[in-house]
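# A structural model of the following input is requested.
(one chain, ligands or ions: 2)
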Amino acid sequence: MTELKSMHRKFGADQKSVVFASGIRKSFGSLDVLKGIDLEVPQGSVACIIGPSGSGKSTFLRCINHLEEINGGVLLVNGDFVGYRLVGDALHELPASAICHRRAEVGMVFQQFNLFPHMTVIENIVEAPIHVRKEPVAEARKFAHELLEQVGLSDKAEVYPRNLSGGQQQRVAIARALAMRPKVMLFDEPTSALDPELVGEVLNVMKELARKGMTMVIVTHEIGFAREVADQLIFMDGGVVVEKGDPNEMIANPKSERTREFLARVR
Ligand code: ADP
Ligand code: MG
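Ligands and ions are numbered 1, 2, ... in the order given. Below you'll find the model as predicted:
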C-alpha cells in the first residue's frame, strides 16, 4: 500500500482524486482513438465531457470502467492502477476476478438503459448486490427501496421495465448502478435516447446525486446541465482534450476555435 501511495505521488496524482488519467492512449488496430488524455477528477466533484461523435468519449469511459485495456499512459481509479496490481515495485496484470471486484466500485449508466427485461424493477436493482457483492437479500432489498425513493420511483418496485417510460427506465438504471455502492458514477449520454420531455427528470436525479457529493464523470450534450452541475468541463475532439476548465468560463469564452464551433452547434 505504501508503494502504491508513493507511485501514486510519483505520477502527480492528488490522493483525493477518484480518477487520475495521464497520457491515456487507446488504439483499435491502426485506429488511434485516444491520443493522450489527461484528466483528474477529485472526490465529490463532477466532470462533464462534451465533444463530437467519434471523438473517443465512450472509449475513455470504458477505459475507466476496465472495459477496455489502455495502450499507454497512467490510469488510476480509486487509487488503483486499472488492470494492474502493484507488487513491490512491479505492476502485475490483474486476474479477471480482481478486475470484476474493481469494476464493482465504478457505476455506469448507458444511453440505452439495458435493464433486464424479464425482471421486475426491484429484481433488476438487487441482482448484482446479491450475486456480485454477496449482500444478504433483505439488506439488498431494503437499500433498493431507498434508492427507488431517491429516484422518485417508490411505487414501481414490482413493475417490469416494458411498463415504464424511457425516463423511468433510466432512473431505474441509475438506482441499479447505485445499488453497488460505487465510489464513482460514469454516465455515457444518459439522456440521448429519451424523448425531450423526459430528459429533465433524469437530469434532476443526477443533479441530486451531485448535490449529495457523488463523484461523477458525465458524457453529455446537455450544455445547460453541464454548466450548472460540472466542476470541470472537458471538450474532446479527435482523441484529445482540446480544452478543459470552469464550465461557465469555457462556455462564455472558449479559448479554442474548435470548442467555439462545437458549442455553437449544440446550443
Ligand atoms: P464517442 O463516444 O466520442 O462518439 P467512441 O469512443 O465511441 O466515440 O469512438 C471513437 C472511435 O473509436 C470511433 O471511430 C469508433 O468507431 C472507434 N471504436 C470504438 N470502439 C471500437 C472497437 N471496439 N473497435 C474498433 N473501433 C472502435
Ligand atoms: Mg459515445
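# all contacts plus neighbour counts: C-alpha atoms, from now on.
Noted.
# Skip ahead from the helix or strand bottoming out on mean pLDDT in the chain and say which helix or strand is next.
Across the helices and strands of the chain, mean pLDDT, DSSP states H and E gives its lowest value to helix 2-10, namely a mean of 58. Using DSSP states H and E, the next helix or strand after helix 2-10 towards the C-terminus is strand 17-28.
# Can you tell me what sits against that following strand?
Residues from elsewhere that reach strand 17-28 (CA atoms under 8 Å, 6 or more residues apart in numbering): 13, 32-43, 64, 69-79, 183-184, 215.
# Within reach of ligand 1, which of the residues you listed are there?
residue 33 (CA under 6 Å from any ligand atom).
# Just the ones in helices from the contacts of strand 17-28, please.
residue 64 (DSSP state H).
# Now, of the contacts of strand 17-28, which are buried?
Neighbour-count burial (16 or more other CA atoms under 10 Å) applied to the contacts of strand 17-28 gives 13, 33-43, 64, 69-70, 72, 74-79, 183-184, 215.
# Nearest residue to residue 156 in space, please, no chain neighbours.
Take residue 156 and drop its neighbours on the chain: the residue closest to it by CA to CA, 6 or more residues apart in numbering is residue 121, 6.8 Å away.
# you'd agree that neighbour is up against residue 158?
Yes: proximity of residue 121 to residue 158 meets the contact threshold set by CA atoms under 8 Å, at 6.0 Å.
# These two: which is more packed in?
residue 121 (26 against 12; other CA atoms under 10 Å).
# now the more buried one: how far from residue 197?
22 Å (CA to CA, to the nearest Å).
# Over to residue 245?
30 Å.
# Comparing the two, which residue is more hemmed in?
Shown here are residue 245 and residue 197; by other CA under 10 Å, residue 245 has more neighbours (16 against 8).
# Around ligand 1, which positions in the protein sit nearby?
Contacts of the chain with ligand 1, taken as CA under 6 Å from any ligand atom, map to 28, 33, 53, 54, 55, 56, 57, 58, 59.
# Let me have these in CSV, adding secondary structure and pLDDT as columns.
Below are the residues of the chain next to ligand 1 laid out as CSV (DSSP: H, G, I helix; E, B strand; the rest coil; pLDDT from 0 to 100):
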residue, secondary structure, pLDDT
28, strand, 96
33, strand, 97
53, coil, 96
54, coil, 97
55, coil, 97
56, coil, 98
57, helix, 98
58, helix, 98
59, helix, 97
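# most neighbours, which of those?
Going by other CA under 10 Å, residue 57 tops those with 27 neighbours.
# Check whether it really touches residue 220, as I assumed.
No: contact criterion CA under 8 Å: residue 57 and residue 220 do not qualify, at 9.6 Å.
# got any residues that touch both of those two?
49, 50.
# quick revisit: report the contact partners of the residue nearest to residue 156.
Residue 121 sits in contact with 156, 157, 158, 159, 160, 161, 172, where contact means CA under 8 Å, 6+ apart.
# Please pick the buried ones from those.
Of those, these count as buried by 16+ other CA under 10 Å: 156, 157, 160, 161, 172.
# Can you tell me which of those is closest to ligand 1?
For the buried ones among the contacts of residue 121, the residue nearest ligand 1 by CA to the nearest ligand atom is residue 172; the value is 22.7 Å.
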